[in-house]
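Engineer: Provided below are the primary sequence and the corresponding predicted coordinates.
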Amino acid sequence: MLTAIGLMSGTSLDGVDAAIVRTDGERIAAFGPALSLPYGAALRQRARKILDRAPTLHPDDPELKAVEHEITRHHIDAVRQVRALVPDIDLIGFHGQTILHAPQRRLTWQTGDAALLSRATGLAVVHDFRSADVAAGGEGAPLVPWFHAALLHDVPGPVAVLNIGGVANVTLVGADGSIHACDTGPGNALLDDWAFRHTGTACDVDGRLARAGTVNRAMVAQLLADPYFARPAPKSLDRQTFAAALGLVSTCSPADGAATLAAFTIEAIRRTPLPVRPTRWYVCGGGRHNPVLMQGLRAALGTPVGTVDELGWNGDALEAQCFGFLAARSLRGLPLSAPTITGGPENLSGGRLTCAGLSVPSWISTVMEK
Ligand SMILES: Nc1ncnc2c1ncn2[C@@H]1O[C@H](COP(=O)(O)OP(=O)(O)OP(=O)(O)O)[C@@H](O)[C@H]1O
Ligand SMILES: CC(=O)N[C@H]1[C@@H]2OC[C@@H](O2)[C@@H](O)[C@@H]1O[C@H](C)C(=O)O
C-alpha cells in the first residue's frame, strides 16, 4: 500500500483540491485528510482567458507560462498543507488544469509543471494521465470510473455515480461489475459564467438566481439539438464545448437564463445513453450543493437520486482522491481507461513519472515489478 496525495484542479477553475489516499491502485485501504485551496478571483480570470485562447495558444506563450507557474505554486502550497497533517507521503498524483480537450484531434492538454512540483516537494509525481489513451484513439476522459468501481465494490449494481463539476460525467457500474462511462454535458461551468456576468459571484450560490427564473424550453430544446447528444457513449467534452449557450440565452433575464442553463444540465444528464437503468444515482462534485440542480434531477430521472456522502464518501474530495489512486495504478501499469469508459481500443495504462532532482525512490521499482 502507498500513501498518495491526489491533486485536482477541475474545470470549474475554483482552485486545487488535495486529498490523501492509502491504496495499491486496486483497493482503497483508507482516506486521509482533504482540503481545497481556492484560486483568487484574479488567477481564476486569467486561467479563464487562457481557456478561451487555448485552441491557438503556443506552449511557450508567456501568459500561459505565468498562469501555469501560479497554478503549480498553489498545488505546492496544497501539498505543504496536507503534509502538515500527514507527513509520510510516498507520491503525488497530479492532474493539472485542463486548458484544452480535443480527443478527435488526438489532443488533450493539462497545464502544470510536474518537475517544479517534484523539486519543491521532494516527492515523485505521476502526471499526464490522459495522453496515452487519447494517443491510442480514446477520449482520455472520464478517468474516474475505475476509482468509482473500486469504491462501489460492495454496493449492488446497477448504480450510477454522477459528478457535477464544470462538466458533468457519469459512471455506471452494472450488477456484474461492468463499468460504462461518459461525459453527460455541461455541469456548472455555463451557470458559473452566467452568474459571474450578471451578479459578479463565482457561481449561482444555492441556485438562487435559477430558482427565481423560468426555463425557456425552446432554448433548452435548441441546445439539446447539438450533435453531441445523439452520439453514443463513450464520449467526452471540453469545458468550452457549449460556450455558445451563453450567447443563446443572452436575451433572457439573469434569472431566466440561469434557470434555462440549469435545465440544460439536467436534461443532458437525463438523456445520457446508459446500457441499463441504474437503481440509484449518487451525485458528487460541487453541483450537488445546488438545490435547483438536485431537485431538477430528482424530478427528471424518475429514479432515486442521493449524494455520494450517504455512502460515506467525501463528495468534494473524490476527484483528488481519484488521482492519488490513479497514480498508484500508473506505477503498477494497471489500466486507467477501458473501451467502455473512454472508447479506446483496449484497457490502457497511462501517466508519466517525474522525479525531478531526486533519485528514483527505491520502493518504486518494487511496486512496478508487482
Ligand atoms: N452552494 C453552491 N451553490 C451552487 N453551486 C455550487 C455551490 N457550491 C459549489 N457549487 C458549484 O460547484 C462548482 C465546483 O464544483 P467542483 O469543484 O466539483 O468542480 P471541478 O472539480 O472544478 O469540475 P470538474 O469535475 O468538471 O473538473 C462551483 O464552480 C459551483 O458552480
Ligand atoms: C479533459 C478533462 O479534464 N475532463 C474532466 C472534466 O471534468 C469532469 C469531466 O470533464 C471529466 O470527464 C474529467 O474529469 C474527471 C476527473 C475524470 O477524468 O473522470
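Structural biologist: In hand now; what should we look at? Ligands and ions are numbered 1, 2, ... in the order given.
Engineer: Next, the contact list for His95, please.
Structural biologist: His95 is in contact with 6-9, 110, 112, 127, 129, 319, 323, counting by CB atoms under 8 Å, 6 or more residues apart in numbering. All C-beta atoms are positioned from the backbone trio N, CA, C, and that covers glycine.
Engineer: Does the longest helix that the chain contains reach ligand 2?
Structural biologist: Taking DSSP state H as the criterion, the chain has its longest helix at helix 62-85. No: legend: contact between helix 62-85 and ligand 2 by CB under 6 Å from any ligand atom is lacking; minimum distance shown is 13.7 Å.
Engineer: ok, back up a step: please narrow the contacts of His95 to those residing in strands.
Structural biologist: Using DSSP state E, 6-9, 110, 127 are the members of the contacts of His95 that sit in strands.
Engineer: packing partners for the helix or strand of the chain with the lowest mean pLDDT?
Structural biologist: The least trusted helix or strand in the chain, going by mean pLDDT, DSSP states H and E, turns out to be helix 362-369, with a mean of 72. Secondary structure elements in contact with helix 362-369, counted by 3 or more CB pairs under 8 Å, 6 or more residues apart in numbering; DSSP states H and E, are helix 318-331.
Engineer: what's the angle from the helix it packs on to helix 62-85?
Structural biologist: Following axes from the mean of the first three to the mean of the last three CA atoms, to 10 degrees, one obtains 90 degrees for the angle between helix 318-331 and helix 62-85.
Engineer: follow-up on the earlier one: among the ones in strands among the contacts of His95, list the two that are farthest apart in space.
Structural biologist: The distance between the two most remote of the ones in strands among the contacts of His95 (CB to CB) is 14.0 Å, for Gly6 and Gln110.
Engineer: Comparing these two, which residue is more hemmed in?
Structural biologist: Taking Gly6 and Gln110 together and counting by other CB atoms under 10 Å, Gly6 has the greater number of neighbours (31 against 20).
Engineer: if you skip the residues just before and after it, what's nearest to that one?
Structural biologist: In this structure, Gly6 finds its nearest non-sequential neighbour in Gly324, 3.1 Å apart by CB to CB, 6 or more residues apart in numbering.
Engineer: cool, Phe229 as well?
Structural biologist: Leaving aside its chain neighbours, Phe229 sits nearest to Arg271 (5.7 Å; criterion: CB to CB, 6+ apart).
Engineer: ditto for Ser349
Structural biologist: For Ser349, the closest residue by CB to CB, 6+ apart turns out to be Gly333, at 4.9 Å.
Engineer: That neighbour: how many residues sit nearby?
Structural biologist: By the measure other CB under 10 Å, the count of residues near Gly333 is 14.
Engineer: swap in Ala149?
Structural biologist: Here the count is done by other CB under 10 Å, and Ala149 has 20 residues near it.
Engineer: just Pro291 next, same as before
Structural biologist: Tallying neighbours of Pro291 according to other CB under 10 Å, which is how burial is gauged here, yields 13.
Engineer: Phe229 now?
Structural biologist: Around Phe229 sit 16 other residues, with neighbours defined as other CB under 10 Å.
Engineer: how near is it to Ala168?
Structural biologist: The gap separating Phe229 from Ala168 is 13 Å, by CB to CB, to the nearest Å.
Engineer: and if you look at Asp193?
Structural biologist: Asp193 sits 15 Å away from Ala168, going by CB to CB.
Engineer: does ligand 1 sit close to stretch 103-117?
Structural biologist: No: contact check for stretch 103-117 against ligand 1, using CB under 6 Å from any ligand atom: none in range, with a minimum separation of 10.9 Å.
Engineer: which other residues reach that stretch?
Structural biologist: So stretch 103-117 is contacted by 9, 50, 54, 64, 67-69, 71-72, 75-76, 79, 92, 94-102, 123, 125, 127-131, 134-135, 137-141, 236, 352, 354, 356 (CB under 8 Å, 6+ apart).
Engineer: ok, now stretch 65-83?
Structural biologist: Stretch 65-83 is contacted from outside by 5, 7, 9, 15-20, 32-35, 37, 39, 43, 46-47, 50, 89, 92, 94, 96-97, 111-113, 116-117, 120-121, 123, using CB under 8 Å, 6+ apart.
Engineer: For the stretch 1-150 of the chain, which residues are neighbours of ligand 2?
Structural biologist: Counting by CB under 6 Å from any ligand atom, the positions of the stretch 1-150 of the chain adjacent to ligand 2 are 10-11, 98, 101, 108, 141-144.
Engineer: switch the cut-off to 8 Å
Structural biologist: Contact residues of the stretch 1-150 of the chain with respect to ligand 2, defined by CB under 8 Å from any ligand atom, are listed as 8, 10-11, 95, 98, 101, 108, 110, 129-130, 140-145.
Engineer: what residue ranges in this structure are flagged as low confidence?
Structural biologist: Under the criterion pLDDT under 70, the flagged ranges of the chain are 368-370.
Engineer: where exactly do the strands run in it?
Structural biologist: Remark: strands assigned in the chain by DSSP E are 2-9, 15-23, 28-38, 91-102, 107-111, 124-127, 159-164, 167-173, 179-186, 280-284, 305-307, 352-354.
Engineer: The fifth one pairs with which strands?
Structural biologist: Each strand paired with strand 107-111, and its direction, by DSSP bridges: strand 91-102 (antiparallel).
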